[in-house]
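**Q** build me a structure from this.
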Amino acid sequence: MTLKSVGVVEGLFQPSAIRFSIVAGFVLAVLVSIAASTATAQPQKPPVEVPFEFVHNQIVVQAKIAGKGPFSMLVDTDTDPSAIDEKTAREIGLSIGSSGAPASGSGTEVNTTYPTMFPTVELGSITAKQVPAATIDMSKISARIERPIAGVLGYSFLKDRIIQIDYGNLKLRFFAVSPYPRIQMTANTVSTIAMNFRREEGDVIIDSVFVNNEKMRATLDTGSSGSFSLTPEAVALLGLEDEAAEGKTESSVGYNGQYERKNGILKSVRMGRYAAESVQASFFPPKTGHDNRPWQVNIGNAFFQDFVMTFDFKDKVVVFERVD
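**A** Next up, the predicted model:
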């Protein structure tokens, strides 16, 4: 049983273009008009909206587990499976496996997880059944967020869903069909970034983020409250050892307890046509759960909050839509 980090504190999508050979322009125009009218006459089903609180750069929702609650839970794209505080799991009578395993996540301690199952998860009007999960001690994360956190809705809940995170309006939206049809996503712009992602070791990974003009792999982590955080591997590749050693120290908390990391400034960051200079970042020290990761950069809510983020787990596409 593996859990990914709740980092508290912590390929361009180019759909195929459709081309027509114009043989009879008038007839073609009529056909296109009819098709457009038909599409207009069949509006998409409106999304299900769920409110959330943004607490210490964490997405906190109210959810019922096995008919009990509601409980305050985080929404984390990089936790797999979902998680529940071990004390809460016992209180609501969940069946817990006897074979434990160490959690995979940030920190310098060892937090043991045990397999369990959510018979039901109720989030607003959405109900999911038989959601795999793991028990874990959430007390240090609760202390850091300054409120009781009963668990995490992770990939086992999010998979096969299309979820939009509207930070400005504090709304989660669950769509049956993507609000970004492929035919419309012909190119990235300065304000809209569309990228394919892949799942690896429980993480959402994109392969084309340029840090200081170096191409790197990044994980999109809604369980991280930071902006851009670099692994020890990335620090070495970019020659930022001095910055990582001399930066201001900040205390962080992950699934495996507390750890210290350094803050600094990146010269530049680029994704698609989005580009920024003098970007605040942090550097993960070695032996804090960030060595030998399948990614080199962790991107979290401090960056996402300037966008409406849409994660299409069906087609593995993420869209950043900048809010002016």
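**Q** does Leu237 count as helix, strand or coil?
**A** helix (DSSP: H, G, I helix; E, B strand; the rest coil).
**Q** what is the burial count for the nearest residue in space to it that is not next to it in sequence?
**A** Leaving aside its sequence neighbours, Leu237 sits nearest to Glu214 (C-beta to C-beta, 6 or more residues apart in numbering; 6.4 Å). Where you see a C-beta, it was placed from the backbone N, CA and C, and this is true even at glycine. By other C-beta atoms under 10 Å, the residues close to Glu214 number 13.
**Q** ok, now how distant is the closest residue to Glu246 other than its chain neighbours from Gln280?
**A** Using C-beta to C-beta, 6+ apart and skipping the chain neighbours, the partner closest in space to Glu246 is Lys262 (7.6 Å). Distance, Lys262 to Gln280, using C-beta to C-beta, to the nearest Å: 12 Å.
**Q** of the two, who's got more company?
**A** Shown here are Lys262 and Gln280; by other C-beta under 10 Å, Lys262 has more neighbours (20 against 13).
**Q** the more buried one touches Ala245, doesn't it?
**A** Yes - counting by C-beta atoms under 8 Å, Lys262 does reach Ala245; the two are 7.1 Å apart.
**Q** and the longest strand anywhere in the chain, what's buried?
**A** Counting residues, the longest strand in the chain under DSSP state E turns out to be strand 257-271. The neighbour-count check on strand 257-271 (16 or more other C-beta atoms under 10 Å) flags Gly257, Gln258, Tyr259, Arg261, Lys262, Asn263, Gly264, Leu266, Val269, Arg270, Met271 as buried.
**Q** turn these into CSV, including pLDDT and distance to Ala83.
**A** Listed next are those as CSV, based on pLDDT from 0 to 100; distance: C-beta to C-beta, whole Å:
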residue, pLDDT, distance to Ala83
Gly257, 75, 15
Gln258, 79, 18
Tyr259, 79, 19
Arg261, 87, 22
Lys262, 87, 28
Asn263, 93, 28
Gly264, 93, 31
Leu266, 96, 31
Val269, 96, 30
Arg270, 94, 33
Met271, 90, 29
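**Q** of those, which is the nearest to Thr112?
**A** Nearest to Thr112 among the buried residues of strand 257-271, counting by C-beta to C-beta, is Gly257 at 12.1 Å.
**Q** what bridges to that closest one?
**A** Counting by DSSP bridges, Gly257 forms beta bridges with Gly254.
**Q** quickly list what Tyr114 is bridged to.
**A** Thr135.
**Q** OK, contacts around it?
**A** Met1, Glu86, Ile96, Gly97, Ser98, Ser99, Gly100, Ala134, Thr135 (C-beta atoms under 8 Å, 6 or more residues apart in numbering).
**Q** need the max-distance pair from the residues you listed.
**A** Checking those with C-beta to C-beta, the most distant pair is Glu86 and Ser99, at 14.5 Å.
**Q** quick one: distance of stretch 119-129 to the chain centre.
**A** Per C-alpha atoms, centre = their mean, to the nearest Å, the displacement of stretch 119-129 from the mean C-alpha position of its chain is 20 Å.
**Q** brain fart, stretch 239-251
**A** With C-alpha atoms, centre = their mean, you get 25 Å for stretch 239-251.
**Q** quick check: mean pLDDT across it?
**A** Per-region confidence: stretch 239-251 scores 89 on mean pLDDT.
**Q** what comes up buried for it?
**A** Leu240, Glu243, Ala244, Gly247.
**Q** go through these and say which is closest to Thr113.
**A** The closest of the buried residues of stretch 239-251, once distances to Thr113 are taken by C-beta to C-beta, is Ala244, at 29.8 Å.
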